[in-house]
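**Student:** Sequence plus the predicted model coming up.
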Amino acid sequence: MRKLMKYLLIGAVVCYVIIQAWFIWPEYGHKLIYRFTISPHTTLGRDAVVLHTNKLYAGIDKYGGINYLSNGAWINTIAGISAPYISFRNPLAHQKPAFDQILYTSSRTFTSGADVTAVTFSGYSRRHPFVHVTTTYSIFNGSSVLIHSLITSSKPGVRAWVGDRVQTNTHSIWFYVPGVGDITTGPRDALSPKLPYIAMIGRANQVIGLYYLDTSDPDYFFYQWNWIASLYQVKLGTDPLDLSRVISTRPVTGMDYHKVADSQYKDFLCAQSGLSITASPSSIVTDSGKDVRYTVYVHNVTENPLRLTSMVLFAPRDITTSRPYTSIEDTIAPDGTSVFAFMIKAMRGGDFYLYPAVIVNGDYREGPWTHVFSNGPGWYSADMHNHSVYSFNPEDYPVRDMTEAAHAKGLDILSLTDYNTFSQAAACRAQSTPDFMCIPGEEIANPLWGHANAQFIHKRVPEYLSPQHWINDVHAQGGMFFVNHPYLSMRKWTDWNFKGYNGIEILNGNKIAMDPVNVKAFDKWDQLNRQGLHLFGIADSDAHTPYAVGRYRNYVFATSFTLAAIEQGFKKGTFYVSNGPMLSFTLNNAPMGSILTVKQGSTLHIRASYDPYTQAPENAPDLQKILLLKDGYIVASSDNSPLNYSYHADKPAFYRVEVFTGGGGFAASNPIWVDVKNK
């Protein structure tokens with residue numbers, strides 16, 4: 001016993017010494033040794049300082065990296081924002097470029113009242129000590145961090161690449177603005193960017209943006225999986241190189257994150273012109289045909305008068321507005337505001353966006369996007385196969401994370417279909433709002449048969465019975481039965497002889513649209529419909545993370561935004577599948593999902609057209625092709641234009657269309673069935 005106590009005492013002393021060394025001994029001569037607890041759950045380690053106001057926290061480590069950033073809700077996807085980021089060899093000439101860390105050895109902190117508002121670090125490049133860097137971090141407007149770096153070299157004419165690197169802990173979504181695009185799928189401007197603005201959305205539903213002040217266009221975006229860097233090629237010398245940029249955060253609340261990122265960028269441009277543009281309400285939920293008051297405020301944030309010469313409100317064709325202001329003469333005094341009021345009205349149900357624009361002192365500036373959700377007859381976007389923690393997978397996320405991501409990505413409807421359970425139903429329904437609906441379902445999974453979705457049910461369907469029992473149970477509950485990812489490896493559907501399918505998942509989010517797994521599902525869908533079945537095709541993300549939600553979606557026509565109307569739209573087949581583009585398809589003015597009876601020889605008129613991505617129509621890719629398929633075989637096509645096709649009915653058939661756009665955009669309609677009778 002004495003020996004045990006002796007060992008325990010020695011162990012306690014060793015632990016105490018190690019702990020003291022960890023907190024006291026400076027590593028590599030570092031002089032920055034701080035430790036701060038920012039929230040009940042987050043503690044920054046040693047060698048860190050925290051900037052904070054009542055709205056924003058930013059944790060900065062000894063290398064100048066921003067490791068934590070919070071604006072209202074904690075951002076736990078940020079692994080670090082390296083500022084600045086330096087390479088002394090061409091980063092694109094090497095698969096694994098070597099970037100230097102800046103070792104900061106001294107600091108000065110500036111305070112304002114109880115808040116830490118600014119800190120300046122001074123240090124040098126770890127690999128190249130002749131490069132000296134002084135960086136000041138400060139918070140302004142309560143929601144942004146200004147990073148101001150001065151970089152010098154005791155050796156003149158040293159070529160380097162400087163910029164910043166943002167890294168995440170999870171699969172977050174990157175954008176490049178302008179030209180709002182998902183960098184992970186290749187933005188059009190990525191190799192030749194203009195006025196860089198990099199944006200990211202994380203689990204906490206905030207867009208984090210990084211943009212540059214008073215600099216030319218960067219040479220490169222360097223992207224690798226979960227991090228991205230923007231880089232400028234420069235020559236360093238004794239004259240300071242000034243690299244100034246802003247990191248800004250903006251919450252996402254029921255608004256398409258592309259629009260939030262773009263609004264952040266617009267705010268930045270407005271600030272450069274000395275004004276801010278805001279609108280009230282910032283988000284509108286209304287009923288179709290109802291007038292709503294919409295007010296725009298143009299505020300002068302400078303100490304000089306601003307001359308306002310034009311103001312206009314841009315709205316889509318389905319939003320009517322009172323006569324916009326187009327040409328005016330107005331002087332906005334310092335700290336003054338011009339106010340403009342409109343009456344707007346949504347003419348149908350669905351999601352819309354509008355924004356104001358002005359010309360001030362000769363500069364054209366746009367205000368932030370406003371999301372308008374209208375409840376009425378219209379098209380609503382739905383992702384009907386996704387998972388949460390109720391699937392009991394350690395990688396899955398809470399219900400709230402999944403629904404908030406879906407809402408932020410512009411989805412109106414998310415269905416959580418967890419494996420062999422309906423226990424998520426209450427948590428799912430609790431996340432529904434007037435402009436967002438969470439519908440519980442079940443993914444019935446059995447390794448002998450495969451996976452299937454039970455939709456619009458009210459209790460669990462046991463997975464240990466045969467698929468025919470599944471189908472019968474689903475229909476007894478008034479629901480719909482879809483075969484999921486029938487050709488996905490290890491989860492293939494094994495028997496097509498059961499009766500009562502409602503449809504097939506023809507696009508699964510684990511694969512791109514034209515992947516063989518999805519192509520085989522399309523072929524099977526057409527084959528079964530040629531055999532006389534009336535099966536609908538559905539597209540789903542099959543997401544287990546917020547990152548993956550919304551990769552595919554279904555646009556369903558409903559008479560109102562209610563569960564009963566949405567369910568009716570799916571049961572009628574009045575929906576189509578898409579990874580973004582919207583389409584229109586009618587046969588003799590009948591919508592998709594219809595069953596028409598016509599006389600032999602009568603004329604059928606088919607119309608199909610493409611609408612841009614709803615996420616960012618101002619940057620949507622161009623239409624490439626529309627295909628018309630009869631019984632699953634191509635019979636007509638139209639390049640770069642709507643399709644108009646007429647023919648004489650000869651025998652029973654089904655018709656559907658596919659739309660292809662630039663950037664991999666794809667959409668496919670559900671069929672219209674035509675039954676031909678003899679004259």
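**Tutor:** Ah, there it is.
**Student:** domains in the chain, as residue ranges please.
**Tutor:** With automatic domain parsing as the criterion, the domains of the chain are listed as 26-251, 273-375, 377-579, 583-679.
**Student:** for the third one, how far is the first residue from the last?
**Tutor:** Domain 377-579 has an end-to-end distance of 23 Å (criterion: Cα to Cα, to the nearest Å).
**Student:** What mean pLDDT does it get?
**Tutor:** For domain 377-579, the mean per-residue pLDDT is 94.
**Student:** Likewise for the first one?
**Tutor:** For domain 26-251, the per-residue pLDDT values average out at 72.
**Student:** A543 and H387 touch, don't they?
**Tutor:** Yes. Taking Cβ atoms under 8 Å as the definition, A543 is a contact partner of H387 at 6.8 Å. Backbone N, C-alpha and C define where each C-beta goes, glycine included.
**Student:** Need the overlap of contacts for these two.
**Tutor:** By Cβ atoms under 8 Å, 6 or more residues apart in numbering, A543 and H387 have these common neighbours: M402.
**Student:** Over to P546: give its phi and psi.
**Tutor:** phi -60, psi -30 (degrees, to the nearest 10).
**Student:** do the same with the one 4 residues further on
**Tutor:** For G550, the backbone dihedrals (degrees, to the nearest 10) come out as phi 80, psi 10.
**Student:** neighbours around it, how many?
**Tutor:** Neighbourhood size, G550 [other Cβ atoms under 10 Å]: 27.
**Student:** for the residue lying closest to it once chain neighbours are set aside, what are its contacts?
**Tutor:** Leaving aside its sequence neighbours, G550 sits nearest to K409 (Cβ to Cβ, 6 or more residues apart in numbering; 4.0 Å). Residues near K409 by Cβ under 8 Å, 6+ apart: 256-257, 549-550, 615.
**Student:** which one of those residues is nearest S230?
**Tutor:** Y257 (19.8 Å; Cβ to Cβ).
**Student:** Any idea how many residues pack against that closest one?
**Tutor:** Count around Y257 with other Cβ under 10 Å applied: 25.
**Student:** starting at the chain centroid, how far to stretch 593-605?
**Tutor:** 41 Å (Cα atoms, centre = their mean, to the nearest Å).
**Student:** Buried residues of it, list them for me.
**Tutor:** 593-594, 596, 598, 604 (16 or more other Cβ atoms under 10 Å).
**Student:** same deal with stretch 243-253?
**Tutor:** Neighbour-count burial for stretch 243-253 flags 243, 245-250, 252 (criterion: 16+ other Cβ under 10 Å).
**Student:** again, but for stretch 147-165
**Tutor:** Neighbour counts using 16+ other Cβ under 10 Å place 147-153, 160-165 of stretch 147-165 among the buried residues.
**Student:** now the buried residues of stretch 593-605 as TSV including distance to K520?
**Tutor:** Compiled in TSV, the buried residues of stretch 593-605 are given as follows (distance: Cβ to Cβ, whole Å):
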residue	distance to K520
G593	23
S594	27
L596	29
V598	32
L604	30
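**Student:** Which residue is the nearest non-sequential neighbour of N678?
**Tutor:** Going by Cβ to Cβ, 6+ apart, N678 has Q600 as its nearest residue, at 5.5 Å.
**Student:** just the domains of the chain: most buried one?
**Tutor:** Mean neighbours per residue, mean count of other Cβ atoms under 10 Å, is largest over these for domain 377-579, with a mean of 20.
**Student:** what's the spacing between the closest residue to H648 other than its chain neighbours and W496?
**Tutor:** Spatial nearest neighbour of H648, chain neighbours left out: G601 (5.3 Å); criterion: Cβ to Cβ, 6+ apart. From G601 over to W496 the distance is 35 Å, taken as Cβ to Cβ, to the nearest Å.
**Student:** Just the buried residues of stretch 147-165: which are in strands?
**Tutor:** 147-153, 160-165 (DSSP state E).
**Student:** Could you dump the residues you listed into TSV and include distance to S381?
**Tutor:** Below are those laid out as TSV (distance: Cβ to Cβ, whole Å):
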residue	distance to S381
I147	37
H148	42
S149	42
L150	48
I151	46
T152	52
S153	53
A160	46
W161	41
V162	42
G163	36
D164	34
R165	34
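**Student:** quick one, phi psi at I606?
**Tutor:** phi -110, psi 130.
**Student:** residues touching it, list them.
**Tutor:** Contacts of I606 by Cβ under 8 Å, 6+ apart are 585-587, 628, 636, 643-646, 655.
**Student:** So which residues of the stretch 301-450 of the chain form helices?
**Tutor:** 399-408, 425-429 (DSSP state H, counting those that start in this stretch).
**Student:** Any chance of JSON lines for these, columns distance to S106?
**Tutor:** As requested, the helices of the stretch 301-450 of the chain are exported to JSON lines (distance: least, Cβ to Cβ, whole Å):
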{"stretch": "helix 399-408", "distance to S106": "41"}
{"stretch": "helix 425-429", "distance to S106": "50"}
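**Student:** Strands along the stretch 351-500 of the chain, start to end?
**Tutor:** Secondary structure of the stretch 351-500 of the chain by DSSP state E, counting those that start in this stretch: the strands cover 363-366, 370-375, 378-386, 413-419, 437-446, 450-455, 480-483.
**Student:** want to try JSON lines for those strands, with distance to T403 as columns?
**Tutor:** Formatted as JSON lines, those follow (distance: least, Cβ to Cβ, whole Å):
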{"stretch": "strand 363-366", "distance to T403": "30"}
{"stretch": "strand 370-375", "distance to T403": "15"}
{"stretch": "strand 378-386", "distance to T403": "9"}
{"stretch": "strand 413-419", "distance to T403": "6"}
{"stretch": "strand 437-446", "distance to T403": "5"}
{"stretch": "strand 450-455", "distance to T403": "17"}
{"stretch": "strand 480-483", "distance to T403": "21"}
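**Student:** Of those, which is nearest F352?
**Tutor:** Closest among the strands of the stretch 351-500 of the chain, using Cβ to Cβ: strand 370-375, at 4.3 Å.
**Student:** For N588, give its distance to Q568.
**Tutor:** 22 Å.
**Student:** could you say which helix or strand contains the nearest residue to P218 once chain neighbours are set aside?
**Tutor:** Distances taken as Cβ to Cβ, 6+ apart put S230 closest to P218, at 4.7 Å, once the chain neighbours are dropped. Mapping S230 onto the secondary structure by DSSP states H and E places it in strand 227-236.
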